[in-house]
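Asker: What follows is a protein structure lacking sequence information:
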């Protein structure tokens, strides 16, 4: 008798689960809304950039071109950084920027040909500034802490940036940059 009751309970549970699964599977998940790229639209096109780290002998330069991808979900930035005397390796990178409607924040995923990667997020523009917080940062062999990256929209054709970090030996390093639309 106990075996029969147990079998009946298992059968009922399976039947109920199957019915729920069919109901759930029959209802398609809603498609995420496409980002409103209006606040970043001025970035579309090609830019020439220069940055200077306070611990390096000179600036480094790169170009970056931004375009919307065909899906409407990503602003894609493709960059090329020239080699410099203190880092004689060219860098080819890609930024993928989108808006996460679930969290209400912008997200920028970066990767390049040398294995570098990053994931930064921002609540968006406040006036002429947008602050990016690094979610992927982990203390390394030379860098103990870092600051957020701030972009300042000077005009539709000029962006300045600043960030910084502290070395494991306690030295504060600033990094400033400027990008000009070509």
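Answerer: That came through, no problem. Not measured: the values here are computed from a predicted model.

Asker: how about residue 167, phi and psi?
Answerer: For residue 167, the backbone dihedrals (degrees, to the nearest 10) come out as phi -70, psi 170.

Asker: Let me see the contact set for it.
Answerer: 55, 142, 143, 144, 173 (CB atoms under 8 Å, 6 or more residues apart in numbering). C-beta here means a position set from N, CA and C on the backbone, and glycine is covered the same way.

Asker: before we move on, what about residue 179?
Answerer: 47, 48, 49, 64, 158, 159, 160, 161 are the contacts of residue 179 under CB under 8 Å, 6+ apart.

Asker: and it, bridged to which residues?
Answerer: Beta bridges link residue 179 to residue 49, residue 159, judged by DSSP bridges.

Asker: Low-confidence ranges, this protein, go.
Answerer: 1-24 (pLDDT under 70).

Asker: where do the helices sit along it?
Answerer: 2-26 (DSSP state H).

Asker: residue boundaries of the strands in it?
Answerer: Listed in chain order, the strands of the chain (DSSP state E) span 45-53, 60-68, 75-81, 91-100, 105-112, 117-122, 125-126, 129-134, 143-146, 149-155, 158-167, 172-181.

Asker: Who are the contact partners of the spatially most central residue of the chain?
Answerer: In the chain, the centroid-proximal residue (CA atoms, centre = their mean) is residue 108; its distance is 1.4 Å. Listed by CB under 8 Å, 6+ apart, the contact partners of residue 108 are 95, 96, 97, 118, 119, 120, 121, 122, 132.

Asker: Which single one of the residues you listed is nearest to residue 40?
Answerer: The closest of the contacts of residue 108 to residue 40 turns out to be residue 97 (CB to CB; 6.9 Å).

Asker: related to what we said a few turns ago, out of the contacts of residue 108, which is most surrounded?
Answerer: Of all those, residue 97 has the most neighbours under the rule other CB atoms under 10 Å, reaching 23 neighbours.

Asker: That one is in contact with residue 69, isn't it?
Answerer: No: judged on CB atoms under 8 Å, residue 97 makes no contact with residue 69 at a distance of 10.2 Å.

Asker: on that earlier part again, and the buried ones among the contacts of residue 167, selectable in PyMOL?
Answerer: In PyMOL, this line selects whichever of the contacts of residue 167 come out buried by 16 or more other CB atoms under 10 Å:
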select buried, resi 173
